[in-house]
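Chemist: this one's sequence-less:
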């Protein structure tokens, strides 16, 4: 296949991967890793992207894909949230994904509101409900930040290899 087409596909994957770090459900780091694999095929130069770098990125990507599902739950619990807050946060996340085409901010606000409402419905006080919501929000920011950093690092190596 034409290298120009492959490079274009790689750049598209990187852009979608970066956006997916904040707007699920696509796995942003995995898309960026695929772009990096495309760069290795385009360059076909020995050492442009080392095998160790690819293995390292594959390992980190796999770990982040697994941990990504646990950090928001952990942070909600850490801030004093109960199972009701965790369930509410998850439902809010799903609603946020559905509403995200209408406004990207919904993916950030809905898990917070879900945790808050879940705690209030379960009979918890406003203080616990707010802490649970804040924990959910901070967990989302933490996972998004980690994924953005990883995708930007892979983007750097992609562009370094192909240009």
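Modeler: Right, received. Where do you want to start? A quick note: this is a predicted structure, and the numbers were derived from the prediction, not measured.

Chemist: and residue 3, how many neighbours does it have?
Modeler: Using other Cβ atoms under 10 Å, residue 3 is surrounded by 13 other residues. Placement of C-beta: from N, CA and C, glycine included.

Chemist: okay, now residue 59: neighbour count?
Modeler: Here the number of neighbours of residue 59 (other Cβ under 10 Å) works out to 10.

Chemist: one more: the one 10 residues further on?
Modeler: Here the number of neighbours of residue 69 (other Cβ under 10 Å) works out to 10.

Chemist: for residue 67, same thing?
Modeler: 13.

Chemist: tell me the contacts of it?
Modeler: residue 143 (Cβ atoms under 8 Å, 6 or more residues apart in numbering).

Chemist: and the gap between it and residue 3?
Modeler: 35 Å (Cβ to Cβ, to the nearest Å).

Chemist: same deal with residue 145?
Modeler: From residue 145 across to residue 3, the span is 33 Å (Cβ to Cβ).

Chemist: quick one: low-confidence residue ranges for the chain.
Modeler: 24-25, 45-47, 102-104 (pLDDT under 70).

Chemist: quick one: the helices in the protein?
Modeler: Remark: helices assigned in the chain by DSSP state H are 3-20, 28-43, 51-67, 71-78, 83-99, 106-121, 126-162.

Chemist: grab the most central residue of the protein for me.
Modeler: Against the mean C-alpha coordinate of the chain, by Cα atoms, centre = their mean, the closest residue is residue 21 at 3.5 Å.

Chemist: that one is in contact with residue 147, isn't it?
Modeler: Yes. Between residue 21 and residue 147 there is a contact at 3.9 Å, judged by Cβ atoms under 8 Å.

Chemist: shared neighbours, those two?
Modeler: Both residue 21 and residue 147 are in contact with 28, 29, where contact means Cβ under 8 Å, 6+ apart.

Chemist: so what touches stretch 126-134?
Modeler: Residues from elsewhere that reach stretch 126-134 (Cβ under 8 Å, 6+ apart): 76, 79-82, 85-86, 88-89, 112-113, 115-120, 124.

Chemist: and if you look at stretch 8-15?
Modeler: 31-32, 34-36, 38-39, 42, 151, 154-155, 158, 162.

Chemist: which of those residues sit farthest apart?
Modeler: Maximum pairwise distance in the contacts of stretch 8-15, criterion Cβ to Cβ, is 18.8 Å, between 42 and 151.

Chemist: ok, the two, which is more surrounded?
Modeler: More crowded of residue 42 and residue 151, by other Cβ under 10 Å: residue 151, with 29 against 21.
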